[in-house]
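**Q** output the structure for:
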Amino acid sequence: MKILLVEDDHTIASGLDYSLQKEGYETLVSYSVHEAKSLITEQLHDIGLFLIDLGLPDGNGYEICEFVKQRRDIPVMFLTAYDEEVNIVMGLDMGADDYITKPFRIRELLSRIKSVLRRYHKQPPNDPIIQFGPIQIHTSEAKVYKSGIEVFLTTLEYRLFLIFANHIGQVLTREQLLERIWDVAGDFVNDNTLTVYIKRLREKLEDDPQRPNLIKTVRGLGYRLGD
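**A** Model (predicted):
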């Protein structure tokens, strides 16, 4: 697994880099916010964990954490010289998974890394993930991802897409869709509203909304997810 270490102190970074590699991790090292963002943009899908120093010469670790979490849900740990509660709470509220206060023993850091990874990759029971091409639906979280990046859907958009996902390859008429949305949402949805929501789903999920390849129109019948 590859870890991106962001630490502006070259001595500390070198020591951590050596220790992590000795434990079998692949490492990338950056010394600033700018360098980290460049590496994240280039290699986000290869990175499994982030170790981020809070105090950096051109910004702070919070900025990198936010940059990461907006793109993928990957574990982030902060390395910080600050142990004030406000700093810790701010980091956790931004989505960080753990923090460790400097100075620390390397064995403690390695133990915390393993603990975070165990928690992160442990799937709870009955937590199905529906996969369709580059699209993933994490049903327990009601979240949708495209190529690893979260696509933000409204409640009704999500429910409509889930109906399609549960009937991959099956043609669903507009009447069937309206009945199912009524059943799950408890709100009145008319024919025009359905058209709007299908259009929005295509804009958010299709590579080319004008030539939909995901939610296809079957003329005279209805819609179908996939072939």
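
**Q** quick one, longest strand in the protein?
**A** In the chain, assigned by DSSP state E, the strand with the most residues is strand 47-53.

**Q** list of residues touching that strand?
**A** For strand 47-53, the external contacting residues (Cβ atoms under 8 Å, 6 or more residues apart in numbering) are 1-9, 16, 28, 36, 40, 61, 64-65, 68, 74-80, 113, 116-117. Heads up, the C-betas are built off the backbone N, CA and C, glycines and all.

**Q** and if we set it to 7 Å?
**A** By Cβ atoms under 7 Å, 6 or more residues apart in numbering, the residues outside strand 47-53 that reach it are 1-8, 61, 64-65, 68, 74-79, 113, 117.

**Q** state the mean pLDDT of it.
**A** Summarised as a single mean, pLDDT over strand 47-53 is 94.

**Q** that one pairs with which strands?
**A** Sheet pairing of strand 47-53 (DSSP bridges) gives strand 2-6 (parallel), strand 76-80 (parallel).

**Q** hang on, the earlier thing: drop anything exposed from the contacts of strand 47-53.
**A** Neighbour-count burial (16 or more other Cβ atoms under 10 Å) is assigned, among the contacts of strand 47-53, to 3-8, 61, 64-65, 68, 74-79, 113.

**Q** now render the strands paired with strand 47-53 as JSON lines, adding mean pLDDT.
**A** Formatted as JSON lines, those follow (pLDDT from 0 to 100):
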{"stretch": "strand 2-6", "mean pLDDT": "95"}
{"stretch": "strand 76-80", "mean pLDDT": "89"}
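
**Q** let's have these in a markdown table, adding distance to Arg211.
**A** Putting the strands paired with strand 47-53 into a markdown table (distance: least, Cβ to Cβ, whole Å) gives the following:
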| stretch | distance to Arg211 |
| --- | --- |
| strand 2-6 | 36 |
| strand 76-80 | 37 |
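
**Q** what's near enough to touch Gly148?
**A** Contacts for Gly148 (Cβ under 7 Å, 6+ apart) come out as 45, 72.

**Q** go with 10 Å
**A** 44-45, 71-74, 134, 136 (Cβ atoms under 10 Å, 6 or more residues apart in numbering).

**Q** least confident of the residues you listed?
**A** Lowest pLDDT among these: Asp73, with 80.

**Q** kindly list the main-chain dihedrals of that one?
**A** phi -90, psi 90 (degrees, to the nearest 10).

**Q** quick check: it touching Tyr120?
**A** Yes: contact between Asp73 and Tyr120 holds when scored by Cβ atoms under 10 Å: they sit 8.8 Å apart.
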